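Peer 1: Below are the sequence and a predicted model; questions follow.
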Number of protein chains: 2
Amino acid sequence: MGVKGEETRARLIAGTRTLIEAQGYFGTGLNQIVAEAGAPRGSLYFHFPEGKDQLVAAALTQAGQEVGDLLASLAAEGADSGALTERLTEVFAERLARSDYTKGCPIATVALEVAGTNEPLRAVCAEVYESWQRVLAGRLETEGFRPAEAATAAGQALALMEGAVLLASVRRSREPLDHAQHAVRHLLGTQPAAARTA
Amino acid sequence: MGVKGEETRARLIAGTRTLIEAQGYFGTGLNQIVAEAGAPRGSLYFHFPEGKDQLVAAALTQAGQEVGDLLASLAAEGADSGALTERLTEVFAERLARSDYTKGCPIATVALEVAGTNEPLRAVCAEVYESWQRVLAGRLETEGFRPAEAATAAGQALALMEGAVLLASVRRSREPLDHAQHAVRHLLGTQPAAARTA
DNA sequence: CTGAATCTGTAGACCGGTCTGTATATTTTT
DNA sequence: AAAAATATACAGACCGGTCTACAGATTCAG
């Protein structure tokens, strides 16, 4: 596969990400995607022969991996669970603010749309969320949580943050995210960064 | 307006609720709605002259009010905040299980789809969530929370439950909802003292 | 009491446009 | 020249929305 082919493929995924994050799966058409990516229709079906679902799956996977890699690298640098969740909350808050509250979690909208009707895409969304949860749970284990409790606590923290993104999108305000961050700290039993350094 | 007219209108709203809760806003077409409701297209535009958005707004409002009325009646009977959230969690869990995990929160999917692109519907979703939050916050005030802290805690609890519905839908399991319920109890039970001293 | 006018609501054909996906021709790269 | 990739025309289905026709009840003049 040549350089140009890779670039077109990358632009298609990037365009798909941009659009589905703001409009969801059904709200985004292939015409819109190829226009956004500056690629012709034929190229789309050359690079993604299975069509829209394959393209959306690639976009979700890439977006999920970016966030997962960020969390994993923070954890590798020794960030504690409170710092991990704070950073994730901040990522979502920043995305919302910079997009005028059109893009929150890159997975959530599609996840809810397809969970009941599109099993392959549901599985992709589930894997992304589980990968995020695994990183957080792993960190919690090094802080003394037993494996089962770490998984539960990580799931609760993730639910809190995802729900806060939903409320923040609907209210057009980052306040729910900031309140969620405090609640997550409380649930996980860690002190805020300000208190730690004091 | 005759009896039959009211019935057709009610069937249209009921059909719309059924479909958008499982498939979202963009995933549900008017052909599907009129088929589900057993009503002709002309009746749809007679009862809802502004079209799809007016119909969806009516469906969201009705679904939101049903849940809100349930919470309000429980609160009037003296249920405490833990019982309110437990019941709301149970409503969502039951809906998911009975629909084979296709219907969770009746608002969430549409809320995320339209938050960035359809201001009137976004406002409807926001009002539903705020009405739920108000009931819970009101109960928290009678339990000793100051108004500001009650609103914050109610928002955190709502975020936790909504996020748990998302994760439960994607995982096809009620486990996230059960874990969320424990976390909500923890948040609401321990925060008053800290909030008062803050 | 009748029968035409009116109102409510039903019924579905039809509009332009967009949807996902296919087929085929052409250009670029190797 | 072969392979990789681009480019576009096209197909059939469906989209939301508009339009006209008409069925059944109600009203009201005579």
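Peer 2: Here it is on my side, so go on. In this text the structure is predicted, and so the values were computed from the model without any measurement. Residues are numbered from 1 along each chain as shown, chains lettered A, B, ... in the order given.

Peer 1: Name the spans of chain A whose pLDDT lies under the cut-off.
Peer 2: When the per-residue scores of chain A are filtered using pLDDT under 70, the ranges that remain are A:1-5, A:190-198.

Peer 1: what about the helices in it?
Peer 2: Listed in chain order, the helices of chain A (DSSP state H) span residues A:3-23, A:30-37, A:41-47, A:52-76, A:81-98, A:108-114, A:119-142, A:147-171, A:175-188, A:193-197.

Peer 1: For B:C125, which of these is the nearest?
Peer 2: Counting by C-beta to C-beta, B:C125 lies closest to helix A:147-171 out of the helices of chain A; the figure is 5.1 Å. C-beta here means a position set from N, CA and C on the backbone, and glycine is covered the same way.

Peer 1: distance between that closest one and the chain's centre?
Peer 2: Its chain's C-alpha centre lies 12 Å from the corresponding centre of helix A:147-171 when counted by C-alpha atoms, centre = their mean, to the nearest Å.

Peer 1: and if you look at stretch A:48-63?
Peer 2: From the chain centre to the centre of stretch A:48-63 is a distance of 15 Å (C-alpha atoms, centre = their mean).

Peer 1: Relative to A:A57, how far out is A:A123?
Peer 2: Counting by C-beta to C-beta, to the nearest Å, the gap between A:A123 and A:A57 amounts to 9 Å.

Peer 1: For the two, work out which one has more neighbours and name it.
Peer 2: Neighbour totals were compared for A:A123 and A:A57, and A:A57 leads with 20 against 13 (other C-beta atoms under 10 Å in any protein chain shown).

Peer 1: Leaving out the residues flanking it, which one is nearest to the more buried one?
Peer 2: If the residues on either side of it in the chain are set aside, A:A57 comes closest to A:V124, at 4.9 Å by C-beta to C-beta, 6 or more residues apart in numbering or on different chains.

Peer 1: OK, contacts around that neighbour?
Peer 2: With contact taken as C-beta atoms under 8 Å, 6 or more residues apart in numbering or on different chains, A:V124 is in contact with A:57, A:60-61.

Peer 1: any chance of those in a markdown table, with distance to A:A137 too?
Peer 2: As requested, those are exported to a markdown table (distance: C-beta to C-beta, whole Å):
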| residue | distance to A:A137 |
| --- | --- |
| A:A57 | 25 |
| A:L60 | 21 |
| A:T61 | 21 |
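
Peer 1: which one of those residues is nearest chain B?
Peer 2: Ranked by distance to chain B (C-beta to the nearest C-beta), the contacts of A:V124 are led by A:L60 at 11.5 Å.

Peer 1: close enough to count as contact, the closest one and A:E113?
Peer 2: No - contact criterion C-beta atoms under 8 Å: A:L60 and A:E113 do not qualify, at 11.6 Å.

Peer 1: what touches both of the two?
Peer 2: Both A:L60 and A:E113 lack any common contacting residue under the criterion C-beta under 8 Å, 6+ apart.

Peer 1: how about the nearest residue to A:A97, chain neighbours excluded?
Peer 2: With sequence-adjacent residues excluded and distances taken as C-beta to C-beta, 6+ apart, A:A97 is closest to A:R174, at 6.5 Å.

Peer 1: A:Y101 versus the one you found, what's the distance?
Peer 2: According to C-beta to C-beta, A:R174 stands 9 Å off from A:Y101.

Peer 1: any shared contact partners between those two?
Peer 2: If you check A:R174 and A:Y101 against C-beta under 8 Å, 6+ apart, the residues they both contact are A:A168.

Peer 1: ok, residues contacting stretch A:127-147?
Peer 2: If you take C-beta under 8 Å, 6+ apart as the criterion, stretch A:127-147 is touched by A:60-61, A:63-65, A:67-68, A:71-72, A:75, A:79-81, A:84-85, A:88, A:107, A:111, A:149-151, A:153-155, A:157-158, A:188, A:190, B:167, B:170-171.
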